[in-house]
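>>> based on what follows, work out the 3D shape:
(chains A and B)
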Number of protein chains: 2
Amino acid sequence: MADQIVRIGIVGFGTIGSGVAKLIVENADSIAARAGLRLELACVVDTDTTSERPVKLPDGILTDDLNRLLNDDTIKIGVETVGGTDIAKDIQLKMLEAGKDVVTANKALLAEHGNELYRAAHKNGRCIAFEASCAGGIPIVSAIRTGLTANNINAMYGIVNGTCNYILSNMTSKNEDFCEALAQAQEKGYAEADPTLDISGGDSAHKLAILGSIAFGCEIALEDIFVEGIEGISKDDIRYGTEMGYCLKLLAIGQKDAHNRISLRVHPCFIARENSLARVEGPFNAVSIFGSAVGQVMYYGRGAGMMPTASAVVADIIDVALGNSATTFRQLNLRPRNETAPFIEKIDNIVSRFYIRIMCRDKPGVIAQWSKVLADNQISISGAIQHEDTGPDNTVPVVIATHPTMQKNITVALEGMERLDVIGGKPVCIRIVDIPEDKD
Amino acid sequence: MADQIVRIGIVGFGTIGSGVAKLIVENADSIAARAGLRLELACVVDTDTTSERPVKLPDGILTDDLNRLLNDDTIKIGVETVGGTDIAKDIQLKMLEAGKDVVTANKALLAEHGNELYRAAHKNGRCIAFEASCAGGIPIVSAIRTGLTANNINAMYGIVNGTCNYILSNMTSKNEDFCEALAQAQEKGYAEADPTLDISGGDSAHKLAILGSIAFGCEIALEDIFVEGIEGISKDDIRYGTEMGYCLKLLAIGQKDAHNRISLRVHPCFIARENSLARVEGPFNAVSIFGSAVGQVMYYGRGAGMMPTASAVVADIIDVALGNSATTFRQLNLRPRNETAPFIEKIDNIVSRFYIRIMCRDKPGVIAQWSKVLADNQISISGAIQHEDTGPDNTVPVVIATHPTMQKNITVALEGMERLDVIGGKPVCIRIVDIPEDKD
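Next up, the predicted model:
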């Protein structure tokens, strides 16, 4: 029996687009054997039609004319790998209006304009598949959407940005400071020339918006997510945290409590060194999910890169071609925000443990003063170490770990400590997150 | 808009059946919110209609009459949670003939009679969904089948039996011997009263047959799989291996080489302590997969137990109800064995490193004798330790790690060493498996 032929157009012939084209051109036979579908590259659209790419396209495939894709009714699936939010949105909308299903890895676009795009897809009876938008090669979107449908998802903790994880891993294992580690990451190709979106936590927030909306079944806006990046992290704090048994990671955290209050945040976290996420190193991603029936599950793999991302894009293409994506997209059931707005907990009300570093002048009564500020704010101390390293103006670092307390108490306490004469500079504060470990 | 109602019959009201009934009865609302389908339990069939179960069924649902399920045309999906191979097969065939799609967690049945059942399903235009058959709550079947379709899968390494992993974890961390650890596992409910199927590696082989057939796209028979259990493992060898930097795990391994030769085996393995699978402890399961595009991915979670398994069964029920399972089942494309038999590599030809322990009499020239046997068989030694522990007849344990060599060379060498006067008893031999770690 001849395999069904599925014709595909790709818009954007950069890294991801090249990877997708490469898989389709070079692996058509083995994909046909596995999926019973023959993928056929109809066209690749890019303004740059001359640069060398890591794949050799058949003649006549590369074009700078988007209309060739839009007007060709034999092309059922349009892959958008342009990136960014403006032009990419316009392209996706045009493809949907032209009756194409859309496959994309563009998390920024979905996080910012997903609702508009989803509605356009529904209106045109089309679907948008976006497995590749989160955690690259790890099939995390379908795991949550399909594999764990029977569960109420209580929490997820994800390392979803390989750039930040690479930087923090190197700061930890090689005692590099932030700038050295960032330069390393750029040299290795794990960080962009302008790394802002990654190191600010913005990229992780994009992914959390997408994963959170699927996991918790509601529209999530980027503004719902508290975001703090890793730019301010000093290697000293990583070292002090390590001494206390912790490992520093940038986590994307989504939680839902018993009253359906959702909290969403991206920030650097100290987590227990024994936790499975602490062992995720270099450019890898991992997501731990806690489901009401399944308990803890964890997915691990490459979160970015040409071929891992292309692997997820092509999986989506096949899923769309088989018709499965259309079904799951319809069932996705993202109710418009104005209809049933989720209750999003403010960061001020989130309970956490905290790591605080203050630089204390070496005088009698210093401990009495800073500990009083904490006590006045009902903050209880679980551990403290005064290190003998010397800081500016003959200060010494004092590192404090707190018991769980509300963010707003810490905020007041930090201001109080900063005002003390015996403390130099601004206190450093990093959240300690106790990720539950599902054990026997 | 009213949700589509999907009526379900369950056959087998044991642990898994109860979990599935519990999720359907207690979580119907939240499942409807997520999947847009309302699951309705039409009947539960079991010969025992009186025992207490951990779920309260609505009146009139429990019956001992299978025909009530078979003859009710409003029931579209039949869940078989009876277990075993004889009666269960008969039940599945009857359900397929009665026009029901089948959902099952029964790995033994699928591994032994899958081909017959799949053919019966195709003949009746029905599908069989079996996510829950492998690694319980971890959506590993759909990950391979859907998430990684664009990849040629080169290898997979799985801890897929929680009983064995629990026993080996306790032997390692608590220095328990096999019988103590087994008794512990039984007490905790992680091992059956008759643990044979688990500890012999048989259950892992069932899962490898299923996962291998999906990953490598060919029918795999149980006879294709080399199986060795953990019954003979001594805590001394675990300790000596630990000293050399290894951790002992029962792995299910499937590999495909560049010439499409497939090898499939289940046996205890020493793996590097730093490997991610070495960190999987207690009753947990994990599978590392190496795909041509995606690189390494790993999935981790609970491989058994009432609710994790029920979570996977209900995910399958939803997938069947949405029509997605039918599509993937058709595409599964398991060609009958007589048409395109895969080339299965014999265990004799598999190259591995080996851990060997021999009990040597304390005489001059002992090392010369056993090392000559290895040399005569072209086996090169990567490490050796003579321990001062004393064994029977004043022997001392000598532990040897080899460089990669073929199984058949080792087999001959072991026989040769056993014949030496200076060696007491039978040499112990455990494979050392170097699982690749995908790093930056």
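>>> can you pull the contacts of A:A42?
Residues in contact with A:A42, defined by C-beta atoms under 8 Å, 6 or more residues apart in numbering or on different chains, are A:R7, A:I8, A:G9, A:I61, A:L69, A:D72, A:T74, A:I75. Yep, even glycine has a C-beta here, placed from its N, CA and C like the rest.
>>> ok, and the closest non-adjacent residue to A:I8?
Nearest residue to A:I8, sequence neighbours excluded (C-beta to C-beta, 6 or more residues apart in numbering or on different chains): A:I77, at 4.9 Å.
>>> what of A:C134?
For A:C134, the closest residue by C-beta to C-beta, 6+ apart turns out to be A:K207, at 4.6 Å.
>>> quick one: the one you found and A:A135 touch, right?
Yes: with contact defined as C-beta atoms under 8 Å, A:K207 and A:A135 form a contacting pair (6.9 Å).
>>> common neighbours of these two, please.
Shared contacts of A:K207 and A:A135, counting by C-beta under 8 Å, 6+ apart, come down to A:G158, A:V160.
>>> in terms of neighbours, single out the busier of these two.
More neighbours surround A:A135 than the other of A:K207 and A:A135, with 34 against 26 (other C-beta atoms under 10 Å in any protein chain shown).
>>> tell me which residues touch the residue nearest the centre of chain A, please.
Nearest to the geometric centre of chain A sits A:S204, at 3.0 Å (C-alpha atoms, centre = their mean). Contact analysis of A:S204 by C-beta under 8 Å, 6+ apart lists A:G158, A:V160, A:N161, A:C164, A:V227, A:L250, A:A252, A:V266.
>>> how about 10 Å then?
A:107, A:158-161, A:163-164, A:197-198, A:225, A:227, A:229-230, A:250-253, A:265-267, A:285 (C-beta atoms under 10 Å, 6 or more residues apart in numbering or on different chains).
>>> try A:P364
Neighbouring residues of A:P364 by C-beta under 10 Å, 6+ apart: A:V422.
>>> for it, grab phi and psi.
phi -70, psi 140 (degrees, to the nearest 10).
>>> right, and A:N106 touches A:C134 too?
No: look at A:N106 against A:C134 with C-beta atoms under 10 Å: they stay out of range, at 11.1 Å.
>>> quick check: neighbours shared by these two?
Among the neighbours of A:N106, those also in contact with A:C134 (C-beta under 10 Å, 6+ apart) are A:H206.
>>> distance between the ends of stretch A:357-372?
With C-alpha to C-alpha, to the nearest Å as the measure, stretch A:357-372 spans 16 Å from end to end.
>>> how far does that stretch sit from the chain's center?
Distance of stretch A:357-372 from the chain centroid (C-alpha atoms, centre = their mean, to the nearest Å) equals 38 Å.
>>> same question for that stretch: list its buried residues.
Neighbour-count burial for stretch A:357-372 flags A:R357, A:I358, A:M359, A:C360, A:V366, A:Q369, A:W370, A:S371 (criterion: 16 or more other C-beta atoms under 10 Å in any protein chain shown).
>>> equivalent analysis for stretch A:270-286, please.
A:270-271, A:275-278, A:280-286.
>>> let's see it as CSV, backbone CA atoms only.
This file holds the C-alpha atoms of stretch A:270-286, laid out as CSV (Å, rounded to 0.1, in the frame of the first residue of the first chain):
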residue,chain,number,x,y,z
PHE,A,270,18.5,26.6,46.0
ILE,A,271,17.3,23.0,45.9
ALA,A,272,18.6,20.0,47.9
ARG,A,273,21.7,18.5,46.3
GLU,A,274,20.0,15.1,46.4
ASN,A,275,17.0,16.2,44.4
SER,A,276,16.8,14.7,40.9
LEU,A,277,16.7,18.2,39.4
ALA,A,278,20.0,19.1,41.1
ARG,A,279,21.7,16.5,38.9
VAL,A,280,20.6,18.0,35.6
GLU,A,281,23.7,19.6,34.3
GLY,A,282,24.9,21.6,31.4
PRO,A,283,22.5,22.5,28.6
PHE,A,284,20.0,19.8,29.6
ASN,A,285,16.4,20.4,30.6
ALA,A,286,14.2,18.4,32.9
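>>> hang on, the earlier thing: what's the closest of the contacts of A:A42 to chain B?
A:I8 (12.5 Å; C-beta to the nearest C-beta).
>>> so that closest one touches A:I75, yeah?
Yes: using C-beta under 10 Å, A:I8 is in contact with A:I75, at 6.7 Å.
>>> between the two, who's got more neighbours?
Neighbour tally, A:I8 and A:I75, criterion other C-beta under 10 Å: the higher count belongs to A:I8, 25 against 22.
>>> where does the residue sitting furthest away from the middle of chain A land on pLDDT?
What lies farthest from the middle of chain A is A:P364; by C-alpha atoms, centre = their mean that is 46.1 Å. The confidence metric pLDDT takes the value 87 at A:P364.
>>> export stretch A:315-329 as CSV, just CAs?
C-alpha atoms of stretch A:315-329 as CSV (Å, rounded to 0.1, in the frame of the first residue of the first chain):
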residue,chain,number,x,y,z
ALA,A,315,6.8,14.6,15.6
ASP,A,316,4.2,17.3,15.6
ILE,A,317,4.0,17.3,11.8
ILE,A,318,3.3,13.6,11.9
ASP,A,319,0.7,14.0,14.7
VAL,A,320,-1.0,16.8,12.7
ALA,A,321,-1.0,14.7,9.5
LEU,A,322,-2.5,11.7,11.4
GLY,A,323,-5.3,14.0,12.6
ASN,A,324,-4.4,13.5,16.3
SER,A,325,-3.3,17.0,16.9
ALA,A,326,-6.6,18.4,15.6
THR,A,327,-8.4,16.3,18.2
THR,A,328,-6.2,17.2,21.1
PHE,A,329,-6.2,20.9,20.0
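>>> quick one: it near chain B?
Yes: using C-beta under 10 Å from any C-beta of the partner chain, stretch A:315-329 reaches chain B at A:315-319, A:321-328.
>>> can you tell me which of those end up in helices?
A:A315, A:D316, A:I317, A:I318, A:D319, A:A321, A:L322, A:N324, A:S325, A:A326, A:T327, A:T328 (DSSP state H).
>>> now do the same contact list for the residue nearest to the second one when sequence neighbours are not counted.
Translated: A:D316. Closest residue to A:D316 apart from its sequence neighbours, by C-beta to C-beta, 6+ apart: A:A129 at 3.9 Å. A:A129 makes contact with A:77, A:79, A:101-104, A:141-142, A:312-313, A:315-320, A:324-326, A:328-329, according to C-beta under 10 Å, 6+ apart.
>>> beta-bridge partners for A:A129, please?
Beta-bridge pairing for A:A129 (DSSP bridges): A:V103.
>>> I figured A:D236 hits A:T390, correct?
No: applying C-beta under 10 Å, one finds A:D236 not in contact with A:T390, separated by 11.8 Å.
>>> identify the contacts common to those two.
Shared contacts of A:D236 and A:T390 (C-beta under 10 Å, 6+ apart): A:P397.
>>> of these two, who's got more company?
A:D236 (17 against 12).
>>> the more buried one is in what secondary structure piece?
Using DSSP states H and E, A:D236 falls within helix A:235-243.
>>> still on that earlier bit, pLDDT at the residue nearest to A:C134, what is it?
Listed pLDDT for A:K207 reads 96.
>>> correct me, but it touches A:S133?
Yes: assessed by C-beta under 10 Å, A:K207 is found in contact with A:S133 at 7.2 Å.
>>> can you check which residues contact both of these two?
With C-beta under 10 Å, 6+ apart, A:K207 and A:S133 have common neighbours A:K107, A:A108, A:L110, A:A111, A:I140, A:V141.
>>> quick one: the last one and B:G147 touch, right?
What that stands for is A:V141. Yes: under the criterion of C-beta under 10 Å, A:V141 makes contact with B:G147 at 9.1 Å.
>>> give the residue from the two that has the larger number of neighbours.
B:G147 (33 against 23).
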